[in-house]
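Asker: here are the coordinates; sequence isn't available:
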């Protein structure tokens with residue numbers, strides 16, 4: 001995994017070509033934002049705080065995208081469709097809601 005910085009905050013990022021498009025994930029403290037290769041339904045079943053974007057081919061594109069889907073666990077953090085990835089990652093960095 002590589003490290004990316006967004007507004008002085010560091011996140012771990014994975015960009016790996018596994019088929020015709022790359023698998024892309026950016027990990028925050030309490031969750032992650034991923035491309036649509038990751039299945040939202042499965043992420044929801046296992047309790048992941050996860051949000052999803054579509055149509056990205058690089059980490060940079062993911063960081064500029066808007067959220068298109070999220071788990072119910074991510075909704076509990078205030079993540080909503082149309083939100084910037086930056087804002088979603090910031091919310092995922094907040095203290096756990098446990």
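Answerer: The structure has been received and is ready for your questions. Just so it is clear, the model here is predicted, and its values are computed rather than measured. Numbers count the residues shown, from 1 in each chain.
Asker: shouldn't residue 74 be in contact with residue 51?
Answerer: Yes - using C-beta atoms under 8 Å, residue 74 makes contact with residue 51 at a distance of 5.1 Å. (Glycine included, C-beta is placed from N, CA and C.)
Asker: Compare neighbour counts for those two and give me the winner.
Answerer: When residue 74 and residue 51 are compared for neighbours, residue 51 comes out ahead with 32 against 28, by other C-beta atoms under 10 Å.
Asker: Show the contacting residues for the more buried one.
Answerer: Shown in contact with residue 51 (C-beta atoms under 8 Å, 6 or more residues apart in numbering): 31-34, 67, 69-71, 74, 79, 83, 85, 88, 92.
Asker: which among the residues you listed gets closest to residue 15?
Answerer: Nearest to residue 15 among the contacts of residue 51: residue 34, at 11.0 Å, using C-beta to C-beta.
Asker: Just grab the bridge partners of the residue nearest to that closest one when sequence neighbours are not counted for me.
Answerer: Once flanking residues are discounted, residue 34 sits nearest to residue 25: 4.5 Å by C-beta to C-beta, 6 or more residues apart in numbering. For residue 25, the beta-bridge partners are residue 14, residue 34 (DSSP bridges).
Asker: give the contact list for residue 25.
Answerer: Contacts of residue 25 by C-beta under 8 Å, 6+ apart are 13-14, 32-35, 38.
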